[in-house]
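Asks: Sharing a sequence plus its predicted fold:
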Amino acid sequence: MDLDLTELGIGDGIWEVVATTRSRDGVPNAAPLGLRCREGDLSILVFEPSRTLENILDTGRIGVNILQDPLIFVKSVVGDLDNSYYTDFNGFPVINGAEAWIILEAKLMERGAAYLFTLVPLSARRNFKAAHPVNRGFNAIIEALILATRYSIMDESERGGILRCIEHMEEIVRKCGGDREHEAMAILKGYLHSIQELEDVLQ
Ligand SMILES: Cc1cc2nc3c(=O)[nH]c(=O)nc-3n(C[C@H](O)[C@H](O)[C@H](O)COP(=O)(O)O)c2cc1C
């Protein structure tokens, strides 16, 4: 199928979604997963052991659920979601109330430390006017920006810690962000350097 990813809020970068899969005998499973997008090509990197991996290898299918609910992200890791969390979309389990669903065929491309699958969309539905997939790059920009605004009011002794956190956020932005996050981080770092230079002059 022709799928306009931008309509689902997906551009280049890694998008944190909840992946639904089902076992050979039909038991649904959900787990957070990073959906990778590069120039419209979708892929996932799945580590073992996981039920998600087993199910994808068994069925060749995955459901991508775009949602923002922190409880669903956490509950899908620490235990099984009970049946009330699932609904059916074109015969495949998806998460009730998600902003959008995509059902995809998963094709195994590489098996190294993790399994790399390319994904081919089979069907999709947007349940709301807009879908907002979680992007760690965007989240990291906000966290880094908060830290940058606090830098000048922090004690000398706390500044090393702040700079290390910002470096960590920069790493996340590099890995998960798209062009806008990369540009935003470059501007943020310029801002931070200008504060540091100003303080050096004032000392
Ligand atoms: C935000 C987030 C993103 C994740 N992305 C991935 C991923 O891309 N690949 C992967 O193998 N595991 C990823 N994980 C870890 C799995 O969700 C986790 O191992 C989960 O417990 C697997 O559950 P399962 O055994 O039910 O499949 C991610 C976890 C979180 C919280």
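Replies: Nice, thanks for sending it over.

Asks: Help me confirm that Asp2 is found in a strand?
Replies: No: using DSSP: H, G, I helix; E, B strand; the rest coil, the assignment for Asp2 is coil, not a strand.

Asks: ok, it - contacts?
Replies: The contact partners of Asp2, by CB atoms under 8 Å, 6 or more residues apart in numbering, come to none. Placement of C-beta: from N, CA and C, glycine included.

Asks: quick one, phi psi at it?
Replies: Main-chain torsions, Asp2, degrees, to the nearest 10: phi -90, psi 120.

Asks: And for Asp58, nearest residue in space, chain neighbours not counted?
Replies: Arg24 (4.8 Å; CB to CB, 6 or more residues apart in numbering).

Asks: next one: Glu170
Replies: Per CB to CB, 6+ apart, closest to Glu170 is Met185, 5.8 Å.

Asks: Show me which residues of the helix or strand hosting Ser76 are buried.
Replies: Take DSSP states H and E as the rule and Ser76 turns out to sit in helix 70-78. Neighbour counts using 16 or more other CB atoms under 10 Å place 72-73, 75-76 of helix 70-78 among the buried residues.

Asks: Close to the ligand: what parts of this structure are there?
Replies: 16, 29, 31-34, 44-47, 50-52, 77 (CB under 6 Å from any ligand atom).

Asks: which of these count as buried?
Replies: In terms of neighbour count (16+ other CB under 10 Å), the buried residues within the residues of the chain next to the ligand are 16, 29, 31-34, 44, 46, 50, 52.

Asks: Out of those residues, list just those in strands.
Replies: Among those, DSSP state E puts 16, 29, 31-34, 44, 46 in strands.

Asks: could these be laid out in a markdown table, adding distance to Arg164?
Replies: A markdown table is the format used below for these (distance: CB to CB, whole Å):
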| residue | distance to Arg164 |
| --- | --- |
| Glu16 | 23 |
| Asn29 | 36 |
| Ala31 | 30 |
| Pro32 | 26 |
| Leu33 | 28 |
| Gly34 | 24 |
| Ile44 | 30 |
| Val46 | 30 |
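
Asks: mean confidence score for the helix holding Ser76?
Replies: What helix 70-78 shows for mean pLDDT is 95.

Asks: What is that helix packed up against?
Replies: Counting contacts by 3 or more CB pairs under 8 Å, 6 or more residues apart in numbering; DSSP states H and E, helix 70-78 is packed against strand 13-22, strand 28-38.

Asks: looking at those strands, which is buried most?
Replies: Mean neighbours per residue, mean count of other CB atoms under 10 Å, is largest over the helices and strands packed on helix 70-78 for strand 13-22, with a mean of 24.

Asks: That concludes my questions; thank you for your assistance.
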